[in-house]
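Student: sequence and predicted structure below; questions after.
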Amino acid sequence: MSPMLTVVAPLSVMAWYDRFCGTMDDVVFIGEDAATSEDVIALASALTVRAAGRPLRLMSGHDSLLRDWVLAQELRARGLTVVAQSGVASAAALDKVLQKELLVAAGIAVPDWGPGDTAPPPGTRALWKGRTSTQSRDITWHTNGEPGPPDTYWERWVEGVEYSVVVHRDCAGTVRFPPVWKGEVREDLSPPWRRLRLVPSGAEPTLLAELDRVSTRIAELLDWSGFGEIEFILSEDGHPLVTDINPRICGGMRIV
């Protein structure tokens, strides 16, 4: 028996977990369904029995980050040791405006942006993006003179090549996996997870070093716990810009 029980939210991981991570005896898959407080209590009770005193590590998906944060607090209140995504990382994942504000305050380069109740500067080619969305949901082209949809922000369209870096951080340190090349940005807004992705990325050593540096800085800034992904666009002037942060189980994990 493993000294730790792994609790995974996204059910899609079940299809490949044993090929990468070993025995299925020490993992529980709990899904990402929205939960009432009664559901969280029931889930905590079931996990307490399954853990049998062992520490637990929670690995969330986007749609379960809040539930899992509350679940971790409930398990800790029962005297269990729990490793779970931090509150600040969860908040930054679920509120992209907060995410932008944190990155800008930390001096990390992002595309020009603004809240949904403001307009981009005249002549700016821009996108509307969902404030709480993920996986390229709720992205549309900005049309001059039209207000943004509810709960959006605008972001300047940047020509360039997309990369992402999967990061794992725990008490032993931070591991950056080889960056994923995701190709040129697409004007049809086809998301990277529907396009060819490659590892190794073919990036130059100086770019690899910069992606590593920024990824580590973000993981530390957000008190990152476990797996997650940081998305970049390498602009035509050669500077990587951070476009999104997903401190959770992500699609790029399998390829890296």
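Tutor: Sure, I can see it.

Student: ok, residue 206 to residue 213 distance?
Tutor: Distance, residue 206 to residue 213, using C-beta to C-beta, to the nearest Å: 11 Å. Where you see a C-beta, it was placed from the backbone N, CA and C, and this is true even at glycine.

Student: looking at these two, which is more packed in?
Tutor: For residue 206 and residue 213, the more surrounded residue by other C-beta atoms under 10 Å is residue 213, and the numbers stand at 12 against 9.

Student: share the number of residues neighbouring the spatially closest residue to residue 48 that is not a sequence neighbour, please.
Tutor: Excluding the flanking residues, the one nearest residue 48 by C-beta to C-beta, 6 or more residues apart in numbering is residue 78, at 5.7 Å. Other residues near residue 78 number 12, with proximity taken as other C-beta under 10 Å.

Student: same question for the one 5 residues further on.
Tutor: Residues contacting residue 83 under the criterion other C-beta under 10 Å number 17.

Student: by average pLDDT, which secondary structure element in the protein comes out worst?
Tutor: Least confident helix or strand, the chain: helix 17-21 with a mean of 82, by mean pLDDT, DSSP states H and E.

Student: centre of the chain to whichever helix or strand comes after it, how far?
Tutor: Next in sequence after helix 17-21, counting helices and strands by DSSP states H and E, comes strand 27-29. With C-alpha atoms, centre = their mean, to the nearest Å as the basis, strand 27-29 stands 20 Å off its chain's centre.

Student: buried residues in the helix or strand that strand 27-29 is followed by, which are they?
Tutor: Next along the chain after strand 27-29, taking DSSP H and E as the criterion, comes helix 37-51. For helix 37-51, a neighbour-count test (16 or more other C-beta atoms under 10 Å) marks 40, 43-44, 47-48, 51 as buried.

Student: other residues contacting helix 37-51?
Tutor: Under the criterion C-beta atoms under 8 Å, 6 or more residues apart in numbering, residues 5, 7, 28, 30, 35, 56, 67, 70-71, 74-75, 78, 80 lie in contact with helix 37-51.

Student: next secondary structure after it?
Tutor: From helix 37-51, the next helix or strand downstream (DSSP H and E) is strand 56-59.

Student: for that following strand, what is the average pLDDT?
Tutor: Per-residue pLDDT over strand 56-59 has a mean of 96.

Student: ok, back up a step: from the contacts of helix 37-51, which is closest to residue 139?
Tutor: Nearest to residue 139, judged by C-beta to C-beta, of the contacts of helix 37-51 is residue 67 at 25.2 Å.

Student: in a helix, the closest one, correct?
Tutor: Yes: under DSSP: H, G, I helix; E, B strand; the rest coil, residue 67 falls within a helix.

Student: residues touching it, list them.
Tutor: 32, 34-35, 40.

Student: again, only using 10 Å
Tutor: 9, 30-36, 39-40, 43, 58, 60 (C-beta atoms under 10 Å, 6 or more residues apart in numbering).

Student: among those residues, name the buried ones.
Tutor: Buried members of those, scored by 16+ other C-beta under 10 Å, are 9, 30, 32, 35, 40, 43, 58, 60.

Student: lowest-confidence entry in the residues you listed?
Tutor: By pLDDT, residue 35 ranks lowest within the buried ones among the contacts of residue 67, coming in at 79.

Student: ok, the closest residue to that residue other than its chain neighbours to residue 85 distance?
Tutor: Once flanking residues are discounted, residue 35 sits nearest to residue 67: 4.8 Å by C-beta to C-beta, 6+ apart. Distance, residue 67 to residue 85, using C-beta to C-beta: 11 Å.

Student: residue 183 now?
Tutor: Distance from residue 183 to residue 85, counting by C-beta to C-beta: 29 Å.

Student: which one's more surrounded, those two?
Tutor: Between residue 183 and residue 85, counted using other C-beta under 10 Å, the more crowded position is residue 85 (25 against 14).
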